[in-house]
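Chemist: Quick one, what's the 3D model for this:
(chains A, B and C)
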Amino acid sequence: MSATASNSSKMMTSPGDMFNLENPVFCCYLFWATVLVVKMLLMSLLTAVQRFRYKIFPNQEDLFFKNLEVQFDDPHVERVRRAHRNDMENILPYFIMSLIYISTNPNPAVACNLFRVASLARIIHTLVYAVYPVPQPSRILAFATMLLITFYMAAVVALRTLTYV
Amino acid sequence: MSATASNSSKMMTSPGDMFNLENPVFCCYLFWATVLVVKMLLMSLLTAVQRFRYKIFPNQEDLFFKNLEVQFDDPHVERVRRAHRNDMENILPYFIMSLIYISTNPNPAVACNLFRVASLARIIHTLVYAVYPVPQPSRILAFATMLLITFYMAAVVALRTLTYV
Amino acid sequence: MSATASNSSKMMTSPGDMFNLENPVFCCYLFWATVLVVKMLLMSLLTAVQRFRYKIFPNQEDLFFKNLEVQFDDPHVERVRRAHRNDMENILPYFIMSLIYISTNPNPAVACNLFRVASLARIIHTLVYAVYPVPQPSRILAFATMLLITFYMAAVVALRTLTYV
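Modeler: Okay, here's the model as predicted:
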């Protein structure tokens, strides 16, 4: 019986079962994915702040003030919307890529640090794009950091599963 | 042998293994995530309906009728596209957030009702934004419902995994 | 002990545990999801190529050449951006839908071929939309292929989990 129990507990940490709270890599993913989800949702609220500050609304039913017309192409609102779209283009594929990367049972130190660096890079990206614009190449570097990390994870997963093409 | 079997079957419902059809919370997620995926994809078809109804096409190769030019900024088409973009901004992060929230083994009644309310709120959001526009704050309330539910799940997951920062 | 081991190894392939590298359907998903993630991220780089080729930049801090103004609505850049947005609208929901579809333990040959056809269809979609525009209905057919596959997976998952509504 004790041999069986130890066999079972070993199975829990075997490569077959990575998506649970006993796997520190998955826990680290949980934390940083949550940070990025919250960051992305705050972009919606930042857009709303800009809309009310500059009184720029895109729908007839949103005209909360008198004598307003629907209006588009305000540079302050559009800057936040471009940053938000860039988040969707990069963070959403990263969510899937990093989640499935966990299933390859990567080295915990490598995987956790990739999650941390990628997440911090995107927070910096938002700051230098939507909150306080600063000269390039700050935004390009922040953008490239997550992009390269996602490409690295893609290479790991693709090489591991190449026989299933 | 029977002791081993009962040990194994208990393991299947342990917190270590939440993403399977024996977990009612995961099954409830499956159903409502599927509803939202279908709802999102129908936005593409609704955009196409509006494009054909008002003969507004953005590409040269899409001009299915004679004497047409490519055209943008039609209010009927753009309204559906804004609603669709808002779906991507909110529902796609919610898909990841609610999926990883399941791994924290939440109370089944709480989790399932959050899935139900969030999904119904976004269906209402689409109806009052893209199908039949009604005065505010109907859309703001529908929008805020899923947003707050996602923030709640984020708080649960972040507090649970804070030591992996 | 050997009876226990065979029991455990059978458990690994039971419907309860689909998201691991011992499940060929999951491995096939890993490979093709990775291909689509890379394809999507390359759209960002293709947009950048078009921006530098036609010197069209949307932000003041991006004006890398003298005597430039921020500029929008360039047809070459906007075409790539429309293709990229279409990717987000269709591939991102597909990522979630096909991932959860695996949990229903589908027939491996059916599932793997759906992943392959859907992915190839979206690669064709990008080629005929953003790289080398060709007459319709090539793009509509490529678009409809992944859409119908996602709807099929949605039907399978929804029917299986209908009691959790």
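Chemist: hey, which helix is longest across chain A?
Modeler: For chain A, the longest helix by residue count, based on DSSP state H, is helix A:24-54.
Chemist: Could you list every helix and strand in contact with that one?
Modeler: helix A:75-102, helix A:108-126, helix B:75-102, helix B:138-160 (3 or more CB pairs under 8 Å, 6 or more residues apart in numbering or on different chains; DSSP states H and E). C-betas here are computed from N, CA, C, even on glycine.
Chemist: what about A:Glu22, which SS state?
Modeler: Secondary structure assignment for A:Glu22 (DSSP: H, G, I helix; E, B strand; the rest coil): coil.
Chemist: What is the neighbour count of it?
Modeler: When neighbours are defined as other CB atoms under 10 Å in any protein chain shown, A:Glu22 has 14 of them.
Chemist: now swap in A:Val157 and tell me
Modeler: 25.
Chemist: what's the answer for A:Met88, then?
Modeler: For A:Met88, using other CB under 10 Å, the count is 20.
Chemist: Please name the nearest non-neighbouring residue to the residue nearest the centre of chain A.
Modeler: Residue closest to the average C-alpha location in chain A (CA atoms, centre = their mean): A:Ile91, at 3.4 Å. Excluding the flanking residues, the one nearest A:Ile91 by CB to CB, 6 or more residues apart in numbering or on different chains is A:Leu36, at 5.4 Å.
Chemist: what do you get for A:Gln60?
Modeler: A:Gln60's closest residue in space is A:Val70 (CB to CB, 6+ apart), at 6.0 Å.
Chemist: Would you mind telling me which of the helices and strands packed on helix A:24-54 is nearest A:Pro137?
Modeler: Using CB to CB as the measure, helix A:108-126 is the one of those that comes nearest A:Pro137, at 12.0 Å.
Chemist: What's the mean pLDDT across the closest one?
Modeler: With pLDDT averaged residue by residue, helix A:108-126 scores 96.
Chemist: Quickly check: that helix near chain B or not.
Modeler: Yes - judged by CB under 8 Å from any CB of the partner chain, helix A:108-126 comes into contact with chain B through A:Cys112.
Chemist: Can you mark which positions in that helix are buried?
Modeler: A:111-112, A:114-116, A:118-119, A:121-122, A:124-126 (16 or more other CB atoms under 10 Å in any protein chain shown).
Chemist: The residue nearest to the centre of chain A reaches A:Met40, doesn't it?
Modeler: Yes - the criterion here is CB atoms under 8 Å, and A:Ile91 meets it with A:Met40 at 6.2 Å.
Chemist: returning to what we had before: pull up the gap between the residue nearest to A:Ile91 and A:Tyr94, please.
Modeler: According to CB to CB, to the nearest Å, A:Leu36 and A:Tyr94 sit 8 Å apart.
Chemist: Check A:Phe52 too.
Modeler: Distance from A:Phe52 to A:Tyr94, counting by CB to CB: 31 Å.
Chemist: Neighbour count: the two, which is higher?
Modeler: Set A:Phe52 next to A:Tyr94 and count neighbours by other CB under 10 Å: A:Tyr94 wins out with 25 against 12.
Chemist: remind me which residues of chain A are low pLDDT?
Modeler: Applying pLDDT under 70 to chain A picks out residues A:1-16.
Chemist: can you do 80?
Modeler: A:1-16, A:66 (pLDDT under 80).
Chemist: Buried residues in stretch A:54-73, which are they?
Modeler: In stretch A:54-73, counting by 16+ other CB under 10 Å, buried: A:56-57, A:59, A:61.
Chemist: Format the residues you listed as a markdown table; extra columns: secondary structure and distance to B:Arg81.
Modeler: Compiled in a markdown table, those are given as follows (DSSP: H, G, I helix; E, B strand; the rest coil; distance: CB to CB, whole Å):
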| residue | secondary structure | distance to B:Arg81 |
| --- | --- | --- |
| A:Ile56 | coil | 17 |
| A:Phe57 | coil | 16 |
| A:Asn59 | coil | 12 |
| A:Glu61 | helix | 17 |
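Chemist: which one of these is nearest A:Val131?
Modeler: A:Ile56 (18.1 Å).
Chemist: mind checking the backbone torsions on that closest one?
Modeler: phi -120, psi 110 (degrees, to the nearest 10).
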